[in-house]
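Novice: Here is a sequence together with a model predicted from it:
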Amino acid sequence: MPVRRLLAMVLVAAATVPLAATPAAAHGAPTNPVSRAAACGPEGRYAATSACRAAIEAGAAVREWDNVRVAAINGRDRERIPDGELCSGGLSAYRGLDLPRTDWPSTELTAGATFTFRYRTTIEHRGTFRLYVTTPDYDPRKKLTWADLASRPFLTLTDPPVRAGAYQLAGRLPAGRSGRHLIYTIWQNSNTPDTYYSCSDVVFRGAKATPTPSKAMPVPEPAPGQVRVRVAASV
C-alpha cells in the first residue's frame, strides 16, 4: 500500500475517535481561615454539614473547590461580579456558595491580632491577593453584596512565599469586629488573565486585655523609737 494512502487512512481514523475530556485546571483557595469551597470540597472535612449539603444541592461544583475563577476581570471586580454572587464569582456552577446562612463552617479569630493566612495552591501563579472584611453591621442571613465589604482591603500582598503547598499571607486581622463575619479574598493573577474569588466565614472574638499590675502602696518607715506592727490576716 502506498505510504501516502496509508497516512491518509490513519488521519481519517484518528479524526473519528472522540477526544477525551480535558480536566479543568485547578489553582487554589483559602484553607485558613477555611473558605466555603475548600470546606465543602472532597479534601475538606465539612462535606456532611447542613451548609455544605445545601450548597451542593443548590449547585456548587465543590469537586473543583480550587477553581472559582473568572477571566479578563482586570481589577473591575465590583463592575463584573454581581451583588449576591460574590462567593461564586458570578459563576452558575458555584451558585450554592452564595447561600446566606449562619452555619457555614467557620474559623475563630482574634480581632486585631497578627495572623498568617494560608491559601492552598494546586497550581502556582504570580499575582496579588486582596483581603476584605465585612462591615460591622454585616448580616450573614442576607446574600453578600459589595456594600457589605469594607471599601479597602485590610491586607494586600503581591507574590507571597509558598510553603508546604500554600501561599503564606502574613498580616494583621482587622480590629473593631466581633461575632460572625466574612473575609473575602480576591487573587488577581499577573501571569494569567484569571482572577479567583473566595469567601471565608469567621467568628471574631475580642482581643484579650493585658491586666495592668496593681501597684502596692509603700509602707512608711517607722519614726525613730516607734515599733512597726504587723497585722496577720485572719483565717
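Specialist: That came through, no problem. Residues are numbered from 1 along each chain as shown.

Novice: May I ask which helix or strand encompasses Ala39?
Specialist: helix 36-40 (DSSP states H and E).

Novice: neighbouring contacts of that helix?
Specialist: The set of residues external to helix 36-40 that reach it, using CB atoms under 8 Å, 6 or more residues apart in numbering, is 29-31, 44-47, 49, 51-52, 55-56, 60, 62, 65-66, 68, 87, 94, 97, 104-105, 120, 198-201. Glycine gets a C-beta too; all of them are placed from N, C-alpha and C.

Novice: So which of those residues are in helices?
Specialist: In this view, the contacts of helix 36-40 that belong to helices under DSSP state H are Ala51, Cys52, Ala55, Ile56.

Novice: Next SSE downstream of the helix or strand hosting Gln168?
Specialist: Using DSSP H and E, Gln168 sits in strand 166-172. Downstream of strand 166-172, the next assigned helix or strand under DSSP H and E is strand 179-189.

Novice: Now do the same for that following strand: mean pLDDT, whole number.
Specialist: Averaged over strand 179-189, pLDDT sits at 98.

Novice: swap in stretch 130-138?
Specialist: Mean predicted confidence for stretch 130-138 is 98.

Novice: okay, how far is it across that stretch, tip to tip?
Specialist: Chord length of stretch 130-138, first to last residue, is 19 Å (CA to CA, to the nearest Å).

Novice: buried ones in that stretch?
Specialist: Arg130, Leu131, Tyr132, Val133, Thr134, Tyr138 (16 or more other CB atoms under 10 Å).

Novice: Who is Pro30 paired with across the strands?
Specialist: Tyr119 (DSSP bridges).

Novice: going forward can the numbers begin at 21, since that is how I track them
Specialist: That works, and once the first residue is 21, the last one we named lands at Pro50.

Novice: which residues touch it?
Specialist: Ala58, Phe137, Arg138, Tyr139, Arg140, Ile203, Thr205, Ser218, Ser220.

Novice: quick one on the thing from earlier: which of the contacts of helix 56-60 are buried, as a ChimeraX select command?
Specialist: Here is the ChimeraX selection string for the buried members of the contacts of helix 56-60, based on 16+ other CB under 10 Å:
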select :49,50,51,64,66,67,69,71,72,75,80,82,85,86,88,107,114,117,124,125,140,218,219,220,221
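
Novice: does the residue lying closest to Gln208 once chain neighbours are set aside sit in a helix or strand, and which one?
Specialist: Spatial nearest neighbour of Gln208, excluding adjacent residues (CB to CB, 6 or more residues apart in numbering): Thr215 at 4.7 Å. Secondary-structure assignment from DSSP H and E places Thr215 in strand 214-225.

Novice: What of Arg150?
Specialist: Since the elements are taken from DSSP H and E, Arg150 ends up inside strand 147-153.
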